[in-house]
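1. task: produce atomic coordinates for the following.
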Amino acid sequence: MWLSLLFGRFASLMYVKYRRMDNLFSQKNVLLELRIPEEGIYRAPAAMEAVFSSLNIGGGEGTWYTKYIKGGTRPQWSFEIVSFGGDVRFYVRTREAFRRGVEQFIIAQYPGIEIIESEDYSRLRNPSHEGFSMSAYEYDIKGDIGIPIKSHIDHNLSYVNAPSSAGTQNAVPAQIDPLAQMISIFTGLQSKEQLWIQFVVRQSKWEHFGKGTDYSLAKYIGEKVKEEKEEMKKQLYARKKSKPLFDVGIRAIYSVPTDAQKSGSVPGLLANIFNSFKDDRFSNIGLNGGEFSAKFTGDPWEDRKGEVKSHLMEEAVEAYRLRSFYHPPVRNEFCILNAEELATLYHIPFWRITDSKVNATPPLNLPR
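-> Numbering: from 1, shown residues only. The predicted structure follows:
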């Protein structure tokens with residue numbers, strides 16, 4: 001009897017898994033490149049927060065039949081920053097059905113931006129193949145998931161400086177955007193290096209906790225507030241749940257041909273790429289030590305033939321290409337961020353992105 005029940009349970013789980021994979025692979029997706037005009041777009045990160053809030057959509061799995069029999073899943077988006085040898089690009093991957101809405105939301109907040117359909121860059125190079133050196137990382141919340149990270153509001157980025165017609169700055173204090181520090185890693189790459197990072201987002205419900213469909217972050221925060229005596233933390237808990245919540249999976253891949261010139265320290269910087277957002281009074285984004293390159297310490301005995309790492313790098317590339325975090329074939333750890341936090345980590349820069357290479361080899365034809 002028990003064997004029959006176990007087999008029935010296993011069969012039902014495999015059926016749901018198959019139906020969801022079939023549903024996801026049948027969806028038509030499109031990759032959109034966000035092209036920033038040369039003169040820049042002077043909009044605060046709150047503009048991207050408005051975009052994210054508009055994309056907090058939970059349809060697609062409303063009834064048990066839709067979710068478990070048809071394999072329905074709620075929509076997800078992948079917001080990406082990519083560097084091709086120091087040339088930095090911004091992308092959004094969306095289901096074709098949501099393309100028009102995504103474009104309208106972004107253009108409404110960023111007048112002058114150009115949005116074009118793009119070929120999937122992640123399929124133009126396979127860094128897990130022989131001839132490439134590759135690192136791959138995933139990231140998670142470090143600290144209490146109910147406490148927000150330090151956001152653009154805490155960084156005084158509610159307003160931004162825009163050059164006046166006279167070429168001077170408006171009377172607004174100069175801002176320091178931690179995203180600029182992260183982007184500097186992207187702009188500093190050598191010509192054949194590539195760096196990809198993706199933020200795979202969907203409306204947050206109950207899955208992160210796995211305690212049933214009625215246990216969400218809001219319920220978790222309610223329990224923490226009852227236990228918490230420090231007023232400052234109570235305010236942070238309230239702030240976390242006051243805005244639309246998203247499940248967010250963060251993954252990054254760095255690659256370079258083995259015979260090409262390298263920047264040298266990029267893999268190490270990539271492991272700590274969110275340090276510029278760090279503040280011990282808040283939660284922080286840090287490395288998920290259980291995935292991909294973070295599994296290895298460099299000891300010679302842990303993977304003598306390199307077969308384990310090679311297999312993991314292949315998995316990382318495939319996961320990145322599928323933008324997969326929440327359903328098979330790839331289900332990995334993800335965090336919960338509200339729209340304000342998410343816009344802090346990903347927004348259209350209000351500052352000019354310039355080439356920050358400081359150790360580049362000078363041209364051979366320079367005058368003596």
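
2. which residues of the stretch 251-368 of the chain score low on pLDDT?
-> The stretch 251-368 of the chain contains residues with pLDDT under 70 at 290, 294-305, 352-368.

3. for it, which segments are assigned as helices?
-> 266-271, 307-322, 339-345 (DSSP state H, counting those that start in this stretch).

4. in the second one, what counts as buried?
-> Taking 16 or more other CB atoms under 10 Å as the basis for neighbour counts, the residues of helix 307-322 that come out buried are 309, 312-313, 315-317, 319-320, 322. Quick note: C-beta positions are derived from backbone N, CA and C, even for glycine.

5. what's the farthest-apart pair in those residues?
-> Largest separation among the buried residues of helix 307-322 by CB to CB: Lys309 and Leu322, giving 20.4 Å.

6. output the longest strand belonging to this protein.
-> Counting by DSSP state E, the longest strand found in the chain is strand 245-257.

7. so which elements touch it?
-> strand 132-142, strand 194-203, helix 266-271, helix 307-322, strand 335-338, helix 339-345 (3 or more CB pairs under 8 Å, 6 or more residues apart in numbering; DSSP states H and E).

8. in this protein, which residue is closest to the centre?
-> Nearest to the mean C-alpha position of the chain, by CA atoms, centre = their mean, lies Phe199 at 1.7 Å.

9. dump the residue contacts of that residue.
-> Residues counted as contacts of Phe199 (CB atoms under 8 Å, 6 or more residues apart in numbering) are 78-80, 248-250, 342, 345-346.

10. so which helix or strand takes in the nearest residue to it once chain neighbours are set aside?
-> Among residues not flanking Phe199 along the chain, Phe79 sits closest, at 4.6 Å (CB to CB, 6 or more residues apart in numbering). Secondary structure from DSSP states H and E places Phe79 in strand 76-84.

11. now the following helix or strand past that strand: buried residues?
-> Using DSSP H and E, the next helix or strand after strand 76-84 towards the C-terminus is strand 87-95. Across strand 87-95, burial judged by 16+ other CB under 10 Å covers 88-95.

12. my read is Ile185 is in a helix, agree?
-> Yes - assigned with DSSP: H, G, I helix; E, B strand; the rest coil, Ile185 falls within a helix.

13. gap between it and Gln198?
-> Taking CB to CB, to the nearest Å as the measure, Ile185 and Gln198 are separated by 15 Å.

14. for Thr94, same thing?
-> In this view, Thr94 and Gln198 are 13 Å apart by CB to CB.

15. who touches stretch 311-324?
-> Contact partners of stretch 311-324, identified using CB under 8 Å, 6+ apart, comprise 29, 76, 78, 93, 120, 122-123, 126-128, 134, 136, 196, 198, 200, 251, 253, 292-293, 295, 325, 329-332.

16. let's see it at 6 Å
-> 78, 93, 122, 128, 134, 136, 200, 251, 253, 292, 330 (CB atoms under 6 Å, 6 or more residues apart in numbering).

17. which pLDDT value belongs to the nearest residue to Tyr91 once chain neighbours are set aside?
-> Computed as CB to CB, 6+ apart, the closest residue to Tyr91 that is not its neighbour in sequence is Glu80, at 4.2 Å. pLDDT recorded at Glu80 is 98.

18. what's the burial count for Glu80?
-> A count of nearby residues for Glu80, using other CB atoms under 10 Å, gives 24.

19. quick check: it vs Glu231, distance?
-> Glu80 is 39 Å from Glu231, where distance means CB to CB.

20. swap in Ile141?
-> Using CB to CB, we find Ile141 at a distance of 22 Å from Glu231.

21. compare those two (neighbour count), which wins?
-> Set Ile141 next to Glu231 and count neighbours by other CB under 10 Å: Ile141 wins out with 24 against 8.

22. beta-bridge partners for the more buried one, please?
-> Beta-bridge partners for Ile141, by DSSP bridges, are Ile285.

23. pLDDT score assigned to it?
-> Model confidence at Ile141, expressed as pLDDT, equals 93.

24. circling back: ok, of the buried residues of strand 87-95, which one's closest to Ile285?
-> Closest to Ile285 out of the buried residues of strand 87-95 is Phe90 (18.9 Å), distances taken as CB to CB.
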